[in-house]
Every structure is written in C-alpha cells, then in structure tokens.
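Colleague: Take this sequence and fold it.
(one chain, ligands or ions: 1)
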Amino acid sequence: MSVVEEYQPVFTGKTLDRLREIFTRYPTKAAAMLPALWLVQEARGWVSDRSMVEVGELLGVTPAHVRGVVTFYTMFHQHPVGRNFVQVCTTSPCNLCGAEDVVQAFLEHTGARELGATSPDGAWTVTEVECLGACGFATPVLVNADFVESVTPERVPEIVRKYK
Ligand code: FES
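Modeller: Next up is the predicted model:
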C-alpha cells in the first residue's frame with residue numbers, strides 16, 4: 001500500500017497574515033509574486049510544485065505562471081537544499097582568480113562533496129553561480145543571504161565554522 005503524503009498549506013496562521021499585509025502594498029495580488037514565493041521558501045526551505053499551485057490560487061494566476069517565475073530566478077530552490085546554501089561565482093574573471101579551488105574547498109569542508117548535493121547532516125548545499133557583480137573581489141561567495149568577498153580556499157574552513 002502506498003502512502004501519499006498530504007500537502008500542508010504554507011499560507012495559514014501568521015504566514016497568511018503576512019501575505020495579506022503584503023497584498024496591501026501592491027496594486028494587484030499577482031504583483032506580490034516574489035514576496036509570496038519568499039514566504040514559501042522561508043517556511044519550507046524550497047518551492048515545491050504543490051506550493052506553486054497554492055501560490056497561484058492565492059494570487060489568481062496559473063501554476064504555469066508561478067513556475068515561470070520560480071524557474072527564472074536562481075534564488076528560488078526547486079528541490080530541498082541544506083540549511084546553509086553556498087553560491088560561489090565561477091564566471092571567467094573569478095575562475096581566473098581561483099574560484100574552482102574555492103568551490104572544491106567548500107565541497108570538502110562542508111561534506112557536501114558534489115555540486116548541488118546536500119551534506120549528509122543536511123546542513124550544506126554548494127552551487128556555482130554566474131557573476132555576482134563583485135568581479136573586483138574574487139572570489140565572491142553568498143552564504144545564505146550573506147555576501148562574502150575575496151574568499152580563498154584558506155578562508156573556507158573559518159567561514160564554514162561560522163555557520164555551524
Ligand atoms: S565574474 Fe565573479 S563576480 Fe563577476
């Protein structure tokens with residue numbers, strides 16, 4: 001017998017109250033798409049297909065419309081990720097300054113081991129991203145919402161420790 005997990009809506013209680021407050025600041029509900037998706041990601045850590053349907057229902061748009069937004073922006077996770085999400089710029093200028101070594105250091109020191117994979121303790125996911133707009137400070141890294149400049153492989157253990 002298969003067990004189908006029932007979907008628990010994101011927008012109940014305080015989260016629904018927050019969304020309603022956000023609606024008051026936008027001309028239409030559909031215009032509040034990005035903050036609505038942030039609320040989902042804050043609550044669940046990622047945006048599932050079912051959450052996209054829920055957001056569509058609340059904002060009066062189709063699930064396909066919501067999916068278009070979620071897949072356009074790399075900051076929205078379409079699958080579960082670690083509690084700490086590391087994004088390393090590996091575009092050419094940073095690559096020339098050793099970004100690949102920074103990536104390898106993060107994979108090693110977080111235990112994530114592979115790009116996009118989550119460490120066994122659920123704490124870390126490491127990914128590469130395109131230019132973060134700080135080419136003069138190679139290698140720039142985003143750890144969750146924190147921007148860290150001039151990261152070298154030697155600095156990685158200290159950065160990882162800070163988020164443990
Ligand atoms: S190329 Fe890395 S920040 Fe621009």
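Colleague: What's the separation between P153 and the ligand?
Modeller: 16 Å (Cβ to the nearest ligand atom, to the nearest Å). All C-beta atoms are positioned from the backbone trio N, CA, C, and that covers glycine.
Colleague: What of A138?
Modeller: According to Cβ to the nearest ligand atom, A138 and the ligand sit 6 Å apart.
Colleague: For that residue, which non-adjacent residue is closest in space?
Modeller: Nearest non-adjacent residue to A138, counting by Cβ to Cβ, 6 or more residues apart in numbering: C97, 3.6 Å away.
Colleague: which stretches of the chain have low pLDDT?
Modeller: Where the chain drops to pLDDT under 70, the residues are 1-4.
Colleague: again, only this time at 80
Modeller: Per-residue confidence for the chain (pLDDT under 80) gives these ranges: 1-5.
Colleague: Please identify the residues of it in proximity to the ligand?
Modeller: Residues of the chain lying near the ligand by Cβ under 6 Å from any ligand atom: C89, T91, P93, C94, C131, L132, G133, A134, C135, P140.
Colleague: about what we covered before: next, count neighbours for the residue nearest to A138.
Modeller: Using other Cβ atoms under 10 Å, C97 has 17 other residues around it.
Colleague: one step back: could you export the residues of the chain next to the ligand as JSON lines, including secondary structure and neighbour count?
Modeller: Below are the residues of the chain next to the ligand laid out as JSON lines (DSSP: H, G, I helix; E, B strand; the rest coil; neighbours: other Cβ atoms under 10 Å):
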{"residue": "C89", "secondary structure": "strand", "neighbour count": "27"}
{"residue": "T91", "secondary structure": "coil", "neighbour count": "15"}
{"residue": "P93", "secondary structure": "helix", "neighbour count": "14"}
{"residue": "C94", "secondary structure": "helix", "neighbour count": "26"}
{"residue": "C131", "secondary structure": "coil", "neighbour count": "13"}
{"residue": "L132", "secondary structure": "coil", "neighbour count": "19"}
{"residue": "G133", "secondary structure": "coil", "neighbour count": "10"}
{"residue": "A134", "secondary structure": "coil", "neighbour count": "17"}
{"residue": "C135", "secondary structure": "helix", "neighbour count": "15"}
{"residue": "P140", "secondary structure": "coil", "neighbour count": "23"}
